[in-house]
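Novice: Please work out how this folds:
(one chain, ligands or ions: 2)
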Amino acid sequence: MIQGTTILLVDDETRFREACKRLLKARGFEVMDADNGRAALDILSENPIDLILLDLKMPVMGGEECLKATRSSHPDVPVVVITGHGTLDAAVECMKKGAYDFITKPFEFDQLLLTIERAIERRNLEQEKRRYQEETVRNLIDLNTEKKRLETIISCMANGLMVTNRNLEVILHNPALLRLLEVQGDFTDPFPVLQIIRDETLIETLKIIQRGEVPEKEVFSQEIRVGNKILRAISAPTLGPDRNVFWAVVGTVTVLEDVTAFKRLDQMKSDFLNMVAHELRSPLVSIRQLNSVLLEGLVGSLQEKQQDYVKRTVNKIDALLALINDLLDVARLEAGRLVRQQVAVDIGKMIEDMVAFMEPRAREQNIALTCSLKNLKPILADPRNVEEVLNNLLSNAINYSPDGGSVTVRAQGVDEFVEIKVSDTGVGIPAEEIPKIFEKFYRVKHPKTRHITGTGLGLALVKGIVEAYHGSIGVESTPGKGTVFTVLLPAMKTEGSGGI
Ligand SMILES: Nc1ncnc2c1ncn2[C@@H]1O[C@H](COP(=O)(O)OP(=O)(O)OP(=O)(O)O)[C@@H](O)[C@H]1O
Ligand SMILES: [Mg+2]
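Specialist: Ligands and ions are numbered 1, 2, ... in the order given. Okay, here's the model as predicted:
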């Protein structure tokens, strides 16, 4: 504390000055000196001084006048007045005018040191206090600027924003919120959420979040309808300090976005795709039929080359028809119209038929196609849907197996479910690709399967169908070794227990 402390010693008595200076320097202080007030003020104006020791009676400018000048020019620098007995009153007067303390000559040097240390300490504390005050003011200004900025952002946002407290009262909202929710009137925070939100599912979500049943970083996304609009509501917990645990849920924040236009566009896209697929299918079916007539020789026999070309044309048409049917099914799946009629489906028979149907294709690739059926119950479903599931899984198993492998279908009853496993000894699927293969139009890039044509819709449809029946689909695969797809479908309830 003493190191680097500079004292300005002002006294007209040279011997006193010299003695004091020596002693103070020996204690580590920097000392500057002056023999009158005028000279002291000059030094003060050009040097950083931490403390002034000031004699009162001096020529040119006395201590009192000097003190007065320093109080206005250097209020932070403490002044300790040095006085003889004769000037005690004047010293007391100086205290009133801002001197920190006084010391009467003659004095013990230790006494002087103590006074200096106390004065410096007090000055340091005051400086610190001022620094804190300035910092607090700066922080408050920053905070307010930030608050104003946030308020402007929130009130200009196109999305609705709502923050609630522990009692499900709105404590912050913006104009867009009221506009999107189509509520009129003035709402002054806080007010009950129920005054502006009528959608019970959203209220339930807010209650779930409030009860702390949602992990901290998770958000809830749901769609709600308001008038003719569809709004996406994203809600999350807001955290605050709590007496028992450090952070606890103190409320919720919800952002509302108008997604009506996106939904309409999506619907238009689906309608368009559906329409195009439908319009393409009829002429294609006619073209296929005409080609079949040609192939069967009903309008005259074809030469070998002609037969070959027409066959190839038919194959291409079949691929196109399969794509169109998939697109139509995807459109149906998205519109929730995939399940059309539900009957008891003999799954064992259907698997046997499908295996028989696929057999020629498997044989072409030298693949052994087998099935094993055990303990099967019928399932209640649209037979076309079940056929689609089997067809896609088996086609994939055969397509993605190199020549000479084997494909097996195993089906068995497991509790209230029918489990269907389709295994192959094919190229397999890398682990990182597995989550993506059920997406629409996704196909794994693999040098060995590059030549295989497909649209990537098969598994998306299979998953959609299986889930529409409250079943599940899983896949296990080892690249280079093979793949097993496992489908679980609810078996039909036995007599008396009602249907699914
Ligand atoms: N049994 C399998 N073995 C290896 N890879 C497979 C298997 N089944 C599916 N895949 C991979 O998953 C991708 C998606 O399969 P999906 O059936 O959805 O589409 P696709 O077969 O490419 O086309 P399509 O719509 O004509 O069925 C395939 O492209 C293939 O890479
Ligand atoms: Mg496929």
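
Novice: check which helix or strand covers Val484.
Specialist: strand 482-490 (DSSP states H and E).

Novice: How about the contacts made by the one residue in the chain that gets nearest to ligand 2?
Specialist: Closest contact between the chain and ligand 2, by C-beta to the ion, is at Gly458 (3.0 Å). Every C-beta, even on glycine, is put in place using the N, C-alpha and C of the backbone. For Gly458, the contacting residues are Asp326, Asn392, Ser395, Asn396, by C-beta atoms under 8 Å, 6 or more residues apart in numbering.

Novice: can you check Glu388 too?
Specialist: Asp329, Leu461, Val462, Ile465.

Novice: Mind checking which of those are in helices?
Specialist: Asp329, Leu461, Val462, Ile465 (DSSP state H).

Novice: gap between the first one and Asp353?
Specialist: As defined by C-beta to C-beta, to the nearest Å, Asp329 lies at a distance of 20 Å from Asp353.

Novice: Just say helix, strand or coil for Pro237.
Specialist: strand (DSSP: H, G, I helix; E, B strand; the rest coil).

Novice: Give me the neighbour count for the residue of the stretch 51-200 of the chain found nearest ligand 1.
Specialist: For the stretch 51-200 of the chain and ligand 1, the shortest gap (C-beta to the nearest ligand atom) falls at Asn159, measuring 35.7 Å. The number of residues packed near Asn159 is 16, by other C-beta atoms under 10 Å.

Novice: can you count the residues close to Val418?
Specialist: If you count neighbours by other C-beta under 10 Å, Val418 ends up with 25.

Novice: For the contacts of Glu388, which two are the farthest from each other?
Specialist: Asp329 and Val462 (10.3 Å; C-beta to C-beta).

Novice: Now do Glu200, the pLDDT please.
Specialist: Listed pLDDT for Glu200 reads 93.

Novice: distance of it from Ile230?
Specialist: Distance from Glu200 to Ile230, by C-beta to C-beta: 16 Å.

Novice: and if you look at Asp50?
Specialist: Counting by C-beta to C-beta - Asp50 and Ile230 are separated by 71 Å.

Novice: Comparing these two, which residue is more hemmed in?
Specialist: Comparing Asp50 with Ile230 by other C-beta under 10 Å, the one with more neighbours is Asp50, at 20 against 17.

Novice: The more buried one touches Ile120, doesn't it?
Specialist: Yes - counting by C-beta atoms under 8 Å, Ile120 is a contact partner of Asp50 at 6.3 Å.

Novice: Give the residues shared as contacts by these two.
Specialist: The contact lists of Asp50 and Ile120 share Thr5, where a contact means C-beta under 8 Å, 6+ apart.

Novice: pLDDT averaged over the strand holding Val484 - what is it?
Specialist: Rounded mean pLDDT across strand 482-490 is 96.

Novice: any idea which of the ones in helices among the contacts of Glu388 is closest to Ile224?
Specialist: Ile465 (28.5 Å).

Novice: So that closest one versus Lys147, what's the distance?
Specialist: From Ile465 to Lys147 the distance is 53 Å (C-beta to C-beta).

Novice: So those two - more neighbours on which side?
Specialist: Higher neighbour count among Ile465 and Lys147: Ile465, with 25 against 10, using other C-beta under 10 Å.

Novice: dump the residue contacts of the more buried one.
Specialist: Leu333, Leu338, Asn385, Glu388, Val389.

Novice: List the buried residues for the helix or strand harbouring Phe272?
Specialist: Taking DSSP H and E as the criterion, the element that holds Phe272 is helix 260-295. Using 16 or more other C-beta atoms under 10 Å as the test for burial, helix 260-295 gives Thr260, Ser270, Asn274, Ala277, Arg281, Arg288, Asn291, Leu294.

Novice: And those, which is closest to Gly98?
Specialist: So of the buried residues of helix 260-295, ranked by how close each gets to Gly98 (C-beta to C-beta), first place is Thr260, at 72.5 Å.

Novice: Would you report the backbone torsion angles of His9?
Specialist: Not quite, residue 9 is Leu, not His. As for Leu9, its main-chain torsions (degrees, to the nearest 10) stand at phi -100, psi 120.

Novice: quick one, what contacts the closest residue to it other than its chain neighbours?
Specialist: In space, and not counting its chain neighbours, Leu9 is closest to Asp33: 4.4 Å by C-beta to C-beta, 6 or more residues apart in numbering. Shown in contact with Asp33 (C-beta under 8 Å, 6+ apart): Leu8, Leu9, Val10, Asp11, Arg17, Lys21.

Novice: Show me what the helix or strand hosting Val255 is in contact with.
Specialist: Val255 is part of strand 247-258 when elements are defined by DSSP H and E. Outside strand 247-258, the residues that touch it by C-beta under 8 Å, 6+ apart are 158-166, 171, 176-177, 180-181, 202, 206, 209-212, 229-242.

Novice: Report the distance from that strand to the chain centre.
Specialist: Put simply, strand 247-258 sits 13 Å off its chain's centre (C-alpha atoms, centre = their mean, to the nearest Å).

Novice: buried stuff in it?
Specialist: Val249, Val250, Gly251, Thr252, Val253, Thr254, Val255, Leu256, Glu257, Asp258.

Novice: quick one: is the strand or helix carrying Val389 near ligand 2?
Specialist: Per DSSP H and E: Val389 is located in helix 383-399. Yes - Helix 383-399 reaches ligand 2 (C-beta under 5 Å from the ion) through Asn396.

Novice: now the residue in the stretch 151-300 of the chain positioned nearest to ligand 1: how far from Lys105?
Specialist: Residue of the stretch 151-300 of the chain nearest ligand 1, by C-beta to the nearest ligand atom: Ala277 (13.9 Å). Distance of Ala277 to Lys105, computed by C-beta to C-beta: 110 Å.

Novice: unless I'm mixing things up, Ile224 is touching Asp199, no?
Specialist: Yes - using C-beta under 8 Å, Ile224 is in contact with Asp199, at 4.3 Å.

Novice: Mind checking which of these two has more residues around it?
Specialist: Ile224 (19 against 16).

Novice: Buried residues, the host helix or strand of that one. List them.
Specialist: When elements are assigned from DSSP H and E, Ile224 belongs to strand 220-226. Buried residues in strand 220-226, counted by 16+ other C-beta under 10 Å: Phe220, Ile224, Val226.

Novice: List phi and psi for the most centrally placed residue in the chain.
Specialist: In the chain, the centroid-proximal residue (C-alpha atoms, centre = their mean) is Lys217; its distance is 7.3 Å. Backbone torsions of Lys217, given as degrees, to the nearest 10, read phi -100, psi 10.

Novice: Summarise which helices and strands the lowest-mean-pLDDT helix or strand in the chain is packed against.
Specialist: Across the helices and strands of the chain, mean confidence by mean pLDDT, DSSP states H and E is lowest for helix 88-96: a mean of 83. Here helix 88-96 touches helix 63-73, strand 79-83, strand 101-104, going by 3 or more C-beta pairs under 8 Å, 6 or more residues apart in numbering; DSSP states H and E.

Novice: now the angle between strand 79-83 and the helix or strand just after the last one, please.
Specialist: Helices and strands here follow DSSP H and E; after strand 101-104, the next one along the chain is helix 109-156. Computed by axes from the mean of the first three to the mean of the last three C-alpha atoms, to 10 degrees, the angle separating helix 109-156 from strand 79-83 equals 160 degrees.

Novice: Please name every helix or strand in contact with helix 109-156.
Specialist: strand 51-55, strand 79-83, strand 101-104.
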